[in-house]
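J.: give me a model of this one.
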Amino acid sequence: MLGGLVQAEASQARDRLLAEAAAREAAGERGAAQNLYLQVLRHDPANVAGRFGFARQLLGNGLLADGIAQLRRLLKHAPDHAPAHVALGLALRRSGDLAGATAALTEAIRLDPAEATL
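T.: Model prediction:
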């Protein structure tokens, strides 16, 4: 019983951090958003929303190689995450890896044809 309560509290805290990170991101406060996403990942390294948000912040801050690495890490654990494939494809295109970009964007479209509206 106590373990379930602690787990529920941790889940609520994670959700609050993710909501705050998204709000900071929407407000253009990249540094604050990046730190909040990183806090989520410290407690839950497999958190898909936290990893995707962290990767977006890295890419937005010009840290292309680090952002690509985070997206690849996310996709190892969540290979069906179409938005991550889109972000990876766009980042790879920026890095000059056109073959990798094409593969990532093709996979995004395969997973979610709505992504074809790029």
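J.: work out which residue lies at the spatial centre of the protein.
T.: Of all residues in the chain, the one closest to the mean position by Cα atoms, centre = their mean is residue 52, 0.4 Å from it.
J.: wait, it touches residue 85, no?
T.: No: between residue 52 and residue 85 there is no contact under Cβ atoms under 8 Å: 11.0 Å. Every C-beta, even on glycine, is put in place using the N, C-alpha and C of the backbone.
J.: hey, C-alpha coordinates of stretch 82-90 in CSV?
T.: Once non-C-alpha atoms are left out, stretch 82-90 reads as follows in CSV (Å, rounded to 0.1, in the frame of the first residue of the first chain):
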residue,chain,number,x,y,z
ALA,A,82,6.6,9.3,-35.0
PRO,A,83,7.3,12.9,-33.8
ALA,A,84,10.8,11.8,-32.6
HIS,A,85,11.5,10.3,-36.1
VAL,A,86,10.4,13.7,-37.6
ALA,A,87,12.7,15.6,-35.2
LEU,A,88,15.5,13.2,-35.9
GLY,A,89,15.0,13.5,-39.7
LEU,A,90,15.0,17.3,-39.5
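J.: hang on, the earlier thing: do you know how far the residue nearest to the centre of the chain is from residue 103?
T.: Look at residue 52 and residue 103: by Cβ to Cβ, to the nearest Å, they are 19 Å apart.
J.: kindly report the same for residue 26.
T.: Taking Cβ to Cβ, one finds residue 26 at 30 Å from residue 103.
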